[in-house]
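>>> coords below, sequence missing:
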Ligand code: NAI
């Protein structure tokens with residue numbers, strides 16, 4: 001089986017090469033993303049492997065099929081970038097890696113909370129310059145604070161466990177509540193109650209039509225002044241311009257983002273010598289109470305290994321008559 005691996009960084013190549021050794025898979029690694037512009041690269045391949053920002057839209061899927069590609073093996077959990085309806089119509093097998101390391105993302109959300117709260121991003125630079133003044137670095141105890149978790153699937157549940165460990169009151173919202181979390185003392189409440197009561201709100205639901213721009217002017221108005229918002233899920237859950245307005249007014253007191261709606265033009269690349277052509281993003285970076293990371297929530301050794309092992313297992317599954325496991329289409 002010949003596989004074209006898109007959006008491939010050296011660390012992906014290292015781990016994938018490790019897991020294909022001993023199989024009859026032949027992988028070709030491309031740094032570029034899969035999109036209409038790069039579709040010509042797939043000629044002669046049986047399968048493609050993609051990541052979060054590859055644009056696997058309807059047209060791309062039809063062209064993949066025309067070129068003889070029958071399998072798409074996503075190396076991520078989220079699949080909002082794949083047109084699953086077209087994939088089903090075209091008989092394209094689509095797999096994902098549903099639970100490569102929920103802990104990695106949950107722990108990163110907590111890292112953002114702790115950075116914003118205790119201002120280690122600012123303290124680091126001060127100390128480097130011999131400035132040991134504490135003014136401006138005041139934090140708060142997490143113990144006793146109310147944390148709202150929107151989406152309590154694999155990552156959200158791991159996040160709730162950690163926040164319970166800090167001694168927080170954890171309020172949850174999900175379409176399918178988890179009995180395990182209820183047993184652990186988490187409380188499911190309507191979304192508006194989460195907005196009104198939470199000191200910190202962390203987003204762990206997928207991006208879909210119901211969650212697109214969930215954090216917007218209207219929902220922000222319902223929140224406490226100075227609320228902390230954490231988004232490690234998908235960028236378009238937050239309306240960036242309306243979040244900026246709320247930062248100016250003080251409604252948002254802290255904003256931690258690992259994802260950004262327009263991230264596909266910026267993230268995963270070294271942009272340090274370029275002028276980033278996104279004034280909303282540039283403005284966001286100027287706030288002292290905003291911390292942005294470049295979609296690194298998943299990026300732990302454990303997760304990379306799990307992603308590579310599961311991707312190879314998914315490609316093996318795709319060769320069986322009716323694979324069900326981890327199959328999206
Ligand atoms: P999951 O599928 O286990 O959980 C998602 C939960 O959201 C489910 O319990 C579902 O019922 C709930 N949900 C669906 N629609 C909802 C709605 N309208 N309101 C509230 N809850 C809703 O997914 P998992 O593994 O926990 O991942 C969550 C998200 O995290 C993914 O969709 C992905 O976008 C993001 N992610 C981010 C990564 C990063 O590196 N920053 C890495 C991996 C995933």
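Thanks, I have the structure now. Worth saying up front: this structure is predicted, and the values here are computed from it rather than measured.
>>> starting at the chain centroid, how far to stretch 235-253?
18 Å (Cα atoms, centre = their mean, to the nearest Å).
>>> what comes up buried for that stretch?
235-240, 242-244, 246-247, 251-253 (16 or more other Cβ atoms under 10 Å). Just so you know, the C-beta spots here come from the backbone N, C-alpha and C atoms, and that holds for glycine as well.
>>> can you tell me if it touches the ligand.
No: using Cβ under 6 Å from any ligand atom, stretch 235-253 stays clear of the ligand, coming no nearer than 8.4 Å.
>>> Pick out the residue of the stretch 1-150 of the chain closest to the ligand.
Nearest residue of the stretch 1-150 of the chain to the ligand: residue 78, at 3.5 Å (Cβ to the nearest ligand atom).
>>> got it, and the stretch 101-250 of the chain?
residue 153 (1.7 Å).
>>> Now that residue. Nearest residue, chain neighbours left out?
residue 204 (6.8 Å; Cβ to Cβ, 6 or more residues apart in numbering).
>>> Assess the claim that that neighbour and residue 152 are in contact.
Yes: in this structure, residue 204 is within contact of residue 152 by Cβ atoms under 8 Å, at 6.9 Å.
>>> Give me the common contacts of those two.
Counting by Cβ atoms under 8 Å, 6 or more residues apart in numbering, residue 204 and residue 152 have no contacts in common.
>>> Get me the contact residues on the stretch 151-300 of the chain for the ligand.
Near the ligand, when you scan the stretch 151-300 of the chain using Cβ under 6 Å from any ligand atom, you find 151-156, 173-176, 204-207, 210-211, 232-234, 258-259, 295, 297-298.
>>> and residue 180, that's in a helix?
Yes: using DSSP: H, G, I helix; E, B strand; the rest coil, the assignment for residue 180 is a helix.
>>> Can you get me a residue count around it?
12 (other Cβ atoms under 10 Å).
>>> The residue nearest to it when sequence neighbours are not counted sits in which helix or strand?
In this structure, residue 180 finds its nearest non-sequential neighbour in residue 157, 7.1 Å apart by Cβ to Cβ, 6+ apart. If you go by DSSP states H and E, residue 157 is part of helix 154-165.
>>> other SSEs contacting the helix or strand just after that helix?
Downstream of helix 154-165, the next assigned helix or strand under DSSP H and E is strand 169-173. Helices and strands touching strand 169-173, by 3 or more Cβ pairs under 8 Å, 6 or more residues apart in numbering; DSSP states H and E, are strand 146-150, helix 154-165, strand 187-188, helix 191-197.
>>> Quick check: which of these is nearest to residue 53?
helix 154-165 (18.7 Å; Cβ to Cβ).
>>> picking that back up, in the helix holding residue 157, what's buried?
154, 155, 156, 157, 158, 159, 160, 161, 162, 163, 164.
>>> outside of it, which residues touch it?
Counting by Cβ under 8 Å, 6+ apart, 77, 98-99, 102-103, 105-107, 109-110, 142, 147, 149-150, 152, 170, 172, 174, 178, 180-181, 184-186, 202, 204-205, 232-233 sit against helix 154-165.
>>> what's the angle from that helix to strand 169-173?
160 degrees (axes from the mean of the first three to the mean of the last three Cα atoms, to 10 degrees).
>>> Show me where the stretch 1-150 of the chain has its strands.
Counting by DSSP state E, counting those that start in this stretch, the stretch 1-150 of the chain has strands at residues 2-5, 26-29, 47-50, 71-74, 93-95, 146-150.
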